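Engineer: sequence and predicted structure below; questions after.
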Amino acid sequence: MVNAVKMAETSDEIIIRVRELQGKPADNITINFGRPVVSAREVNGQEEEIGTAVAAKDKLTFSLTPFQPKAFAVRLGTNRMMMVQPLVSQPVALPYNLDGISTDANKTDGNIDGSGNSLAGELLPDTLTYRGVKFVFGPKTDGAPNIVSCDGQKLDLPAGKWRQAHLLMMATGGPVEAHITPVASGGAAAPYPVRLHEYTEPVGQWENRMVNGRMVDTRDEILPAYINQTPIAWAGAHRHTSDGKNDIYKFTYLYEVAVPTIAGTTQIQLPSDSRLKLLAVSVSDNARDAVFATDELYDQADAKFARIAADQTAFIDSTIVALSTPFPGTTIRYAMDGSAPTKSSALFERPFAVNQTATIMAMPFVNDAPAGPATKLTVQKLIPRGAVKVGETKPGLRLIYYEGEWTKLPNFDSVKITREIVADTILIPSIARPEDYGLIFKGYISVPQDGLYEFGLNSDDGSALIIGDSLLIDNDGIHGDGEVPGKIALKLGMHPIELRMFQCKGGQALNLFITGPGLPKQEVGKAMLFHSPVAKKGKK
């Protein structure tokens, strides 16, 4: 595997990182270059020389032990490859009708997507050369139009024997499928298809397990791999938001749409779809027709899928469900009974409310035929649990401390109690030794009003949270700290709570968080925790 090919940080060499993947020795591997290799050396991750490398003519030769990584710094000589003729291009003047670019000086200037967001003008150059074609962008001054929102406009092309029109475009409000039509003196030519992902849609993913804000691990919940192969002419590392902030790591993309033109073409007609935005157009003589890739530059991953999102996956009254897909020309059909959708299933058109527990299955369709696997999301209606009546209570929880070696939560009923105290909060107590102990917190939690509450349990090692008679969070086993969530509907008042935890070796951690009506996320504090005092012996 070639992990990386990059320019060296402090020299004119090329850094190539490789790795053996099969768990077998690999001898006499060669990498061929289109130029002679002047020098080669083996380097470490900091690009410091750690040895020599074998190079002859235009080849680098090396061997790898099982799973071994290596890196080389290679200096190349004069290019012996055939040079193609320079491409001739000319920018086209545009009838801008929208301000969609802002700068750091005024991030709220511009609105490219109807939500007040704008492209970061400090990242966008005044001119851009992409694959030999020179593009010129519109002005960035406040209030100045710099985008063409497509509405069927016809763009006049400069005179000349141009063979392609190159458009830098983006889609807003979801993926868009449309057509651009070259117009010649003899009439319109065949429409040219345009299929663009939404401008902030990731370029690709590889079996994405982060779905609807949570990690999933079942086959029908994991979103499959895809790679958007539309040429990306420019990418921005952030955008500007309507409240004047940098939306960091919200990548934005401009795609190149290259439309062939026939002799006599004088205009190109844009689609009548305002979701499509045009930023620059150039025409070229396309002198590089004979240049093509000798091999694929990346893996082929073109599975289509539907995303399912709910504002709440556990709810009391109802939840709003929305379906989406990043793929142009794709529709979504869905079923609410856990079965795979068919072409006769409901067609998704707008977000809808769900007021009962349901397993939603969604599937992408193209031309009424399934185009990818079904995806699944279960939403659950919760009935608020009633509070319990308790007698005399005191602040804090009973904390029972045990000592022993375990790799999972034991049956504490069969373990001898080492010590018992009252704990103000749910934390590792000072009485605990560094390793090999267990804890049980018991008592009541008081919630301020009826509603849906989310608990987050963080521990190192295993833990479990029980509310009432329900195991709400199971975070058992040996592991590092990490928060595991659980939702439950509760009525105002006291509810039994029990938290169990064991510590094996190494690091230790324990925290319990709560979020609910009128409660921003916070650690469960002593004001919410109570216990029933233990009656003293000899007294009734």
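Structural biologist: Received it, and whenever you're ready, just let me know what you need.
Engineer: now for Lys245, how many residues are close by?
Structural biologist: By other CB atoms under 10 Å, 12 other residues sit near Lys245. Using the backbone N, CA and C atoms, a C-beta is placed for each residue, glycine as well.
Engineer: please tell me how far it sits from Ser102.
Structural biologist: Separation of Lys245 from Ser102 (CB to CB, to the nearest Å): 11 Å.
Engineer: over to Ser63?
Structural biologist: 54 Å.
Engineer: and those two? Which one has more around it.
Structural biologist: Taking neighbours as other CB under 10 Å, Ser63 and Ser102 compare with Ser102 leading, 26 against 13.
Engineer: what bridges to the more buried one?
Structural biologist: Ala120 (DSSP bridges).
Engineer: once you drop chain neighbours, what's closest to Pro533?
Structural biologist: Among residues not flanking Pro533 along the chain, Lys394 sits closest, at 5.4 Å (CB to CB, 6 or more residues apart in numbering).
Engineer: same check on Leu471?
Structural biologist: Per CB to CB, 6+ apart, closest to Leu471 is Ala464, 6.3 Å.
Engineer: how many other residues sit next to that neighbour?
Structural biologist: Neighbour tally, Ala464, other CB under 10 Å: 20.
Engineer: what's the answer for Pro351, then?
Structural biologist: Neighbours of Pro351 using other CB under 10 Å come to 13.
Engineer: what pLDDT does it get?
Structural biologist: The confidence metric pLDDT takes the value 96 at Pro351.
Engineer: beyond the one helix or strand in the chain whose mean pLDDT sits lowest, next helix or strand please.
Structural biologist: Taking mean pLDDT, DSSP states H and E as the measure, the chain has strand 187-188 as its least confident helix or strand, at a mean of 68. Next helix or strand after strand 187-188 toward the C-terminus (DSSP states H and E): strand 192-196.
Engineer: list the pairing partners of that following strand within its sheet, with orientation.
Structural biologist: strand 176-184 (antiparallel).
Engineer: show residues contacting the partner strand.
Structural biologist: 150, 154, 165, 167, 188-196, 257, 259-271, 273, 275-276, 328-329 (CB atoms under 8 Å, 6 or more residues apart in numbering).
Engineer: for it, buried residues please.
Structural biologist: Neighbour counts over strand 176-184 (16 or more other CB atoms under 10 Å) mark 176, 178, 180-183 as buried.
Engineer: give me the mean pLDDT for it.
Structural biologist: 94.
Engineer: burial check on the closest residue in space to Leu196 that isn't next to it in sequence, number of neighbours?
Structural biologist: Using CB to CB, 6+ apart and skipping the chain neighbours, the partner closest in space to Leu196 is Ala171 (4.0 Å). Per other CB under 10 Å, the neighbour tally for Ala171 reads 25.
Engineer: returning to what we had before: for the buried residues of strand 176-184, which one is nearest Gly51?
Structural biologist: Val176 (52.7 Å; CB to CB).
Engineer: can you list the low-confidence ranges for the stretch 251-400 of the chain?
Structural biologist: Along the stretch 251-400 of the chain, the model assigns pLDDT under 70 to residues 287-291.
Engineer: could I get the full set of strands for it?
Structural biologist: 265-269, 276-284, 307-310, 314-315, 319-324, 331-335, 346-347, 352-354, 358-366, 369-370, 375-381, 394-395, 397-403 (DSSP state E, counting those that start in this stretch).
Engineer: name the helices or strands packed onto the third one?
Structural biologist: In other words, strand 307-310. strand 319-324, strand 358-366, strand 375-381 (3 or more CB pairs under 8 Å, 6 or more residues apart in numbering; DSSP states H and E).
Engineer: and it, which strands flank it?
Structural biologist: Under the rule (DSSP bridges), strand 307-310 has strand 319-324 (antiparallel) as partners.
Engineer: buried ones in the strand it pairs with?
Structural biologist: 319, 321, 323-324.
Engineer: what angle sits between that strand and strand 358-366?
Structural biologist: 20 degrees (axes from the mean of the first three to the mean of the last three CA atoms, to 10 degrees).
Engineer: and strand 319-324, how far from the chain's centre?
Structural biologist: Centroid separation between strand 319-324 and its chain, computed with CA atoms, centre = their mean, to the nearest Å, is 18 Å.
Engineer: from memory Ile50 sits against Phe72, does it?
Structural biologist: No: between Ile50 and Phe72 there is no contact under CB atoms under 8 Å: 10.4 Å.
Engineer: between those two, which is the more surrounded one?
Structural biologist: Taking neighbours as other CB under 10 Å, Ile50 and Phe72 compare with Phe72 leading, 22 against 11.
Engineer: quick one: the more buried one from Trp234, how far?
Structural biologist: Applying CB to CB to Phe72 and Trp234 gives a distance of 31 Å.
Engineer: go on, Ala432?
Structural biologist: 56 Å.
Engineer: same thing with Glu392?
Structural biologist: Distance from Glu392 to Trp234, by CB to CB: 69 Å.
Engineer: need the helices for this protein, in chain order.
Structural biologist: Using DSSP state H, no helices are found in the chain.
Engineer: near Tyr298, how many other residues are there?
Structural biologist: Around Tyr298 there are 8 residues (other CB under 10 Å).
Engineer: now do the contacts for it.
Structural biologist: Contacts of Tyr298 by CB under 8 Å, 6+ apart are Ile227.
Engineer: what do you get for the one 5 residues further on?
Structural biologist: Residues in contact with Ala303, defined by CB under 8 Å, 6+ apart, are 224-226, 372-373.
Engineer: could you do Leu490 as well?
Structural biologist: Applying CB under 8 Å, 6+ apart, the residues near Leu490 are 384-385, 387, 447, 450-451, 453, 467, 516.
Engineer: now the residues you listed in JSON lines, with neighbour count and distance to Asp481?
Structural biologist: Output for the contacts of Leu490, formatted as JSON lines (neighbours: other CB atoms under 10 Å; distance: CB to CB, whole Å):
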{"residue": "Pro384", "neighbour count": "16", "distance to Asp481": "31"}
{"residue": "Arg385", "neighbour count": "17", "distance to Asp481": "29"}
{"residue": "Ala387", "neighbour count": "18", "distance to Asp481": "31"}
{"residue": "Val447", "neighbour count": "22", "distance to Asp481": "26"}
{"residue": "Asp450", "neighbour count": "16", "distance to Asp481": "32"}
{"residue": "Gly451", "neighbour count": "16", "distance to Asp481": "28"}
{"residue": "Tyr453", "neighbour count": "21", "distance to Asp481": "22"}
{"residue": "Ile467", "neighbour count": "20", "distance to Asp481": "21"}
{"residue": "Gly516", "neighbour count": "21", "distance to Asp481": "23"}
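Engineer: reformat those residues as a markdown table; add distance to Glu42.
Structural biologist: As requested, the contacts of Leu490 are arranged in a markdown table below (distance: CB to CB, whole Å):
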| residue | distance to Glu42 |
| --- | --- |
| Pro384 | 65 |
| Arg385 | 64 |
| Ala387 | 69 |
| Val447 | 63 |
| Asp450 | 67 |
| Gly451 | 62 |
| Tyr453 | 57 |
| Ile467 | 58 |
| Gly516 | 58 |
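Engineer: these: which two are farthest apart?
Structural biologist: Asp450 and Ile467 (14.9 Å).
Engineer: what's the burial count for His456?
Structural biologist: Careful, residue 456 is Gly and not His. With other CB under 10 Å as criterion, Gly456 counts 18.
Engineer: make that Ala120, sorry
Structural biologist: 21.
Engineer: just the pLDDT for it.
Structural biologist: So, for Ala120, pLDDT stands at 97.
Engineer: any idea how far Ser102 is from it?
Structural biologist: Distance from Ala120 to Ser102, by CB to CB: 7 Å.
Engineer: partners of Lys376 in the sheet?
Structural biologist: Met361.
Engineer: my error: substitute Asp474 in the last question.
Structural biologist: According to DSSP bridges, beta-bridge pairing links Asp474 with Ala464.
Engineer: so it touches Ala464, yeah?
Structural biologist: Yes: using CB under 8 Å, Asp474 is in contact with Ala464, at 5.5 Å.
Engineer: any common contacting residues for Ala120 and Ser102?
Structural biologist: Common neighbours of Ala120 and Ser102 (CB under 8 Å, 6+ apart) are His240.
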